[in-house]
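>>> have a look at this fold, sequence not included:
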């Protein structure tokens, strides 16, 4: 069985007025893709605790980010008609919906909770396995495509060990 496509989103913070600032995914062939998102005019919320986690400044987004429209188009192009999984589905669903709404583009892929493709046995060893994967990859940065890769590798390892 091919590994699931995993998508991860970094955001301006958590809560009501937060918005996506980076989206990344790893596909079933282990190819990664990532993009910074330039804040839209009405996206103002900024949480310094979130910035400390992902280490992406608002200034960096204005300098290097792509418009919501360009990011949404790229996601649709690469993920069209596919099912994509997220470990933070509630937040990520809200942020991906905001991205596509702001871009005025219809999302052409389905986002589901990663738990939908985990067995009970995988869930039982998930956290310990994820910690080992993070140590092996020496992941210090909390970024979308890196997080997606960690999640997919964790899925693969837990699948092999059950």
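In hand now; what should we look at? Bear in mind that the values here come from a model prediction, so they are computed numbers and not experimental data.

>>> CA only for contacts and neighbour counts going forward, please
Will do.

>>> worst-scoring helix or strand of this structure, pLDDT-wise?
When each helix and strand of the chain is scored by mean pLDDT, DSSP states H and E, helix 48-54 comes last, with a mean of 92.

>>> may I see the buried residues of that one?
Residues of helix 48-54 classed as buried: 50, 51, 54 (neighbour count, 16 or more other CA atoms under 10 Å).

>>> all helices of this protein, in order?
48-54, 58-64, 68-79, 89-103, 120-137, 144-160 (DSSP state H).

>>> residue 101 and residue 69: what is the separation?
Separation of residue 101 from residue 69 (CA to CA, to the nearest Å): 9 Å.

>>> list the contacts of residue 152.
By CA atoms under 8 Å, 6 or more residues apart in numbering, the contact set of residue 152 is 3, 4, 5, 6, 26.

>>> neighbours of residue 61, just the number please.
17 (other CA atoms under 10 Å).

>>> grab the nearest non-local neighbour of it.
Leaving aside its chain neighbours, residue 61 sits nearest to residue 38 (5.0 Å; criterion: CA to CA, 6 or more residues apart in numbering).

>>> pretty sure the one you found sits against residue 59.
No - using CA atoms under 8 Å, residue 38 makes no contact with residue 59, being 9.4 Å away.

>>> please identify which of these two sits among more neighbours.
Between residue 38 and residue 59, residue 38 has the larger neighbour count (other CA under 10 Å), namely 22 against 11.

>>> what residues does that one make contact with?
Residues counted as contacts of residue 38 (CA under 8 Å, 6+ apart) are 21, 61, 62, 63, 64, 65, 66, 67, 68.

>>> now render the residues you listed as JSON lines, adding distance to residue 147.
Output for the contacts of residue 38, formatted as JSON lines (distance: CA to CA, whole Å):
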{"residue": "21", "distance to residue 147": "14"}
{"residue": "61", "distance to residue 147": "19"}
{"residue": "62", "distance to residue 147": "23"}
{"residue": "63", "distance to residue 147": "23"}
{"residue": "64", "distance to residue 147": "20"}
{"residue": "65", "distance to residue 147": "19"}
{"residue": "66", "distance to residue 147": "20"}
{"residue": "67", "distance to residue 147": "22"}
{"residue": "68", "distance to residue 147": "21"}
